[in-house]
Structures are given as structure tokens and as C-alpha cells.
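# Predicted structure and sequence below. I'll ask about it afterward.
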Amino acid sequence: MIASETVGEVLAEPRGGEDVAPPFVVAGERRVQVRQTVPGSVKPHWEEGLGPAVLAPDYQRIMEVLASGNGMRGERMDCRQLAAAVGLEPVPAKVEGVRSKAKRLAARGWLAEERPGLFSVPVGRGIGS
């Protein structure tokens with residue numbers, strides 16, 4: 001009962017900044033709302049004009065590492081190298097987590113996976129895009 005009351009109070013509190021319009025970026029022919037990215041949020045498909053800032057922080061770090069030199073113009077990194085480069089211990093559990101994130105990015109067009117487990121950033125999709 002106490003928990004129910006507390007939840008009701010929290011949900012009833014006005015949220016600050018509701019009158020402020022969310023920022024937008026132009027992606028191709030349409031405007032895309034930029035929301036605060038959080039772990040577990042949906043990763044958008046890549047479109048012309050859409051930068052990595054719309055991705056959650058873990059995904060941004062993967063893009064930064066690959067775009068900073070090792071992943072551009074056909075140079076690829078495997079998931080073990082990528083895990084170490086983003087500051088994780090290259091143990092199987094961490095490597096599989098990075099592999100999962102990289103596969104999601106590849107499926108949505110942010111990364112290229114020319115061979116299984118080897119990822120790179122297609123030209124034009126780096127951090128400065």
C-alpha cells in the first residue's frame with residue numbers, strides 16, 4: 001500500500017522541461033527527433049545526415065573506436081579487439097556483449113560486417129558525420 005502511494009505521488013509530480021521542444025536533426029528528407037539516449041533504447045537505422053549521437057553511449061563508443069582509425073576504409077576489427085579498445089576485459093562474456101552490439105549496428109546500417117565477426121565503419125558514417 002505504501003509503495004502504491006509512493007508510485008502515485010511520483011507519477012503525479014510535474015516533470016520539468018515539458019514545455020521545451022525536443023531537438024531535431026535532418027536526416028535525408030525528414031526531421032528526426034533526437035531523444036536522450038539510454039542503455040536498452042531502440043537503435044535507429046542509419047540514414048544520410050544522421051550521426052552517432054542518436055545512439056546509446058555503448059554504441060557510440062563502438063562507433064568512435066572503429067571510426068578513429070582501425071575501422072575506416074576497409075580496416076576491420078574483430079570483437080575481441082573491439083572489446084579491449086572500448087576498455088573492457090577481453091573475456092568471453094564481454095566479447096559476446098560487444099559482438100551483440102556490433103551485430104545490431106551492422107543490421108541497422110551503422111557498421112559493415114564483410115566477414116563474420118569483423119566490423120568496420122562504412123565511409124561517411126563516422127563520428128564527424
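Arrived safely.
# Give me the neighbour count for Gly8.
Applying other Cβ atoms under 10 Å, we find 9 residues neighbouring Gly8. The C-beta positions use only the backbone N, C-alpha and C, and glycine is treated the same way.
# any idea where the helices of this structure begin and end?
With DSSP state H as the criterion, the chain has helices at 2-12, 57-65, 79-85, 92-107.
# For the residue nearest to Gln60 when sequence neighbours are not counted, give its distance to Ala67.
Sequence neighbours aside, Pro52 is the residue nearest to Gln60 in space, at 5.2 Å (criterion: Cβ to Cβ, 6 or more residues apart in numbering). Distance, Pro52 to Ala67, by Cβ to Cβ, to the nearest Å: 8 Å.
# of the two, who's got more company?
Pro52 (22 against 19).
# Pull up the gap between the closest residue to Leu88 other than its chain neighbours and Pro44, please.
Excluding the flanking residues, the one nearest Leu88 by Cβ to Cβ, 6+ apart is Lys94, at 4.2 Å. Shown here: Lys94 relative to Pro44, a distance of 25 Å by Cβ to Cβ.
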